[in-house]
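Asker: sequence plus predicted model, see below.
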Amino acid sequence: MSEPAPDPRLQALISQLRPGAVRTVKVTGFDGADVLVQLVDAGGKEAEIGRIRGHEVSMRRMRHPSELFEVGQEINAEEIGRWREGELYLSARACEIPALRSFLLTLERGQVVAGTVAEVHNFGVFVHIDGEPNGLCTGFIRPPDLTWGWITHPSEAVEAGQRITAEVIITETRSGQVTLSLKALREDPLIRFADQVGHVLTGPIIKIVPFGVFVQLARDVVGFLHLSELTDESVKTPEQLVDEDELITVKVAEVDLQRHRVRLGAAGEADGT
């Protein structure tokens, strides 16, 4: 069976975050928290006007960009795009640390890197990627990218100080961060599980939500059973019918590789084939 097709929304995001060209600009003034600039390398043409939005000025904390720049100063900034009737927008923070930018530009989507877990939080995992500039932490793994299996906290997948190998998902010069994935280097367990459609299986309920329950079907495979499949009677919540860790027998109704979802039905459903 073939691999699931790439998510077009992710592809669009990656294209949007791809590093732009670096331009030399001169600071001409300030508009609130924004920095107004004029391109220096105009090649003899009339210098184009641009804008650096407040959140693109620096990775450092500041009250106002005038603390970092002064009118007439020349700086390097990365092109972001054009909005508001063609006005050029740039990012100074993307060029703020040359060594960091150089390192980030060596990484490409799909590249495999090694590193050491620095910190583990409920919102994700920070990773020191081998070769990154000293004093920085450039890698980050979102909880959904840690494992194909079901976890309630990232600490169930990795721990601080652990050596890991991961795949590069997105490199962002503007944030100075590399989004990584551990599970990208492992086969999606649903690819092999897809032939279980129509089969009746028994597994423990691992989570109860207002509209149904999640059932562990195999290692790293969890399916969802809607409340309506639990009973024909009118009930308000699944807790009235089942408990967590309770074994339940269900039928695999659908395996969606694109969305990485398994839909379950009542074990007594007819095959419909």
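Answerer: Alright, I've got the coordinates.
Asker: for the nearest residue to V40 once chain neighbours are set aside, name its beta-bridge partners.
Answerer: Using Cβ to Cβ, 6 or more residues apart in numbering and skipping the chain neighbours, the partner closest in space to V40 is T24 (4.4 Å). Bear in mind the C-beta positions are built from the backbone N, C-alpha and C, glycine included. Beta bridges link T24 to N76 when assigned by DSSP bridges.
Asker: T24 reaches L39, doesn't it?
Answerer: Yes. Between T24 and L39 a contact is recorded at 7.4 Å, counting by Cβ atoms under 8 Å.
Asker: so if I had to pick from the two, which one is more boxed in?
Answerer: Just comparing T24 and L39: by other Cβ atoms under 10 Å the higher neighbour count belongs to L39, 20 against 14.
Asker: give me the pLDDT for the closest residue to that one other than its chain neighbours.
Answerer: Spatial nearest neighbour of L39, excluding adjacent residues (Cβ to Cβ, 6+ apart): E48 at 4.6 Å. Listed pLDDT for E48 reads 86.
Asker: next: the one 4 residues further on.
Answerer: For I52, the pLDDT comes out at 96.
Asker: again with E244
Answerer: Reported pLDDT for E244: 88.
Asker: neighbours around it, how many?
Answerer: 12.
Asker: got the phi and psi for the residue nearest to R101 when sequence neighbours are not counted?
Answerer: Leaving aside its sequence neighbours, R101 sits nearest to T173 (Cβ to Cβ, 6+ apart; 5.6 Å). Per-residue torsions, T173: phi -70, psi -30 (degrees, to the nearest 10).
Asker: neighbours of T173, just the number please.
Answerer: Look at T173: counted by other Cβ under 10 Å, it has 23 neighbours.
Asker: what residues are up against it?
Answerer: By Cβ atoms under 8 Å, 6 or more residues apart in numbering, T173 lies in contact with P19, E78, S91, A94, C95, R101, L104, L105.
Asker: from V112, how far out is the closest residue in space to the fifth one that isn't next to it in sequence?
Answerer: When you say that, I think you mean C95. Spatial nearest neighbour of C95, excluding adjacent residues (Cβ to Cβ, 6+ apart): N76 at 4.2 Å. Separation of N76 from V112 (Cβ to Cβ, to the nearest Å) stands at 30 Å.
Asker: so these two - more neighbours on which side?
Answerer: Neighbour count, other Cβ under 10 Å: between N76 and V112, N76 has more, with 16 against 11.
Asker: list the contacts of that one.
Answerer: V22, R23, T24, V25, A92, C95.
Asker: ok, what's across the strand from V178?
Answerer: As assigned using DSSP bridges, the partners bridged with V178 are G139, T171.
Asker: that one reaches V168, doesn't it?
Answerer: Yes. Here V178 reaches V168: they are 6.0 Å apart, a contact under Cβ under 8 Å.
Asker: shared neighbours, these two?
Answerer: Counting by Cβ under 8 Å, 6+ apart, the residues touching both V178 and V168 are L107, V113.
Asker: quick one, which of these two is more surrounded?
Answerer: In this view V178 and V168 are compared by other Cβ under 10 Å, and V178 has more residues nearby, 24 against 19.
Asker: what residues are up against that one?
Answerer: So V178 contacts L104, L107, V113, I129, T138, G139, F140, V168, I170, T171, E172 (Cβ under 8 Å, 6+ apart).
Asker: of all the residues you listed, which two lie farthest apart?
Answerer: V113 and E172 (14.9 Å; Cβ to Cβ).
Asker: more neighbours, the two?
Answerer: The neighbour comparison of V113 against E172 (other Cβ under 10 Å) goes to V113, with 20 against 17.
Asker: sticking with that one, tell me its helix or strand.
Answerer: Applying DSSP states H and E as the criterion places V113 in strand 112-121.
Asker: again with S102
Answerer: Going by DSSP H and E, S102 is in helix 98-104.
Asker: pull out the buried positions in that helix.
Answerer: Of all the residues in helix 98-104, those buried under the rule 16 or more other Cβ atoms under 10 Å are L100, R101, F103, L104.
Asker: that one - contacts with which helices or strands?
Answerer: Contacts defined by 3 or more Cβ pairs under 8 Å, 6 or more residues apart in numbering; DSSP states H and E place helix 98-104 against no helix or strand at all.
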